[in-house]
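S.K.: This is the structure alone, sequence omitted:
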């Protein structure tokens, strides 16, 4: 019975997503503004996002997508950075996006590096520690 409860709790923990779909405002005017949607290949841990050197997102939470609204007309440099220990290498993605006018929606696709071996070892230890009380009770 304890093993079933433990498995159910672990399943709920790993299947639930803590990642967010975030919307922030660039702060441009109301005329000739567009939207930039940043879409990573997988959720990003501890990402910082800048547009034209202006910080638009700097949180420790995971993000699935980041939508930046009120982006003025013109060329904008988007930089996505994450130095999480969970990745094999640091993420530093720079792209240029051109907003041509009002209602223009652009997508920025970001390739996230794979998880490191240390991350998988850490997750394995967590699972073993969670299952240990149930295994000892047998």
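M.R.: Yep, it's here. Everything numeric here is computed off the predicted structure, so don't read it as measured data.
S.K.: quick one: what helix or strand has residue 135 in it?
M.R.: Secondary structure assignment for residue 135, by DSSP states H and E: helix 117-137.
S.K.: helices and strands around that helix, which ones?
M.R.: helix 2-15 (3 or more Cβ pairs under 8 Å, 6 or more residues apart in numbering; DSSP states H and E). (Glycine included, C-beta is placed from N, CA and C.)
S.K.: right, and the helix or strand after the helix it packs on?
M.R.: strand 20-25.
S.K.: so after that next one, what's the next helix or strand?
M.R.: Criterion used, DSSP H and E; the element after strand 20-25 is strand 33-40.
S.K.: the inter-axis angle of that following strand versus strand 20-25?
M.R.: 150 degrees (axes from the mean of the first three to the mean of the last three Cα atoms, to 10 degrees).
S.K.: List the buried residues in strand 33-40.
M.R.: Within strand 33-40, the residues that qualify as buried by neighbour count (16 or more other Cβ atoms under 10 Å) are 33, 34, 35, 36, 37, 38, 40.
S.K.: quick one: contacts for the last one?
M.R.: The contact partners of residue 40, taken as Cβ atoms under 8 Å, 6 or more residues apart in numbering, are 47, 63, 64, 65, 80, 109, 110, 111, 112.
S.K.: Perfect, I'm done here.
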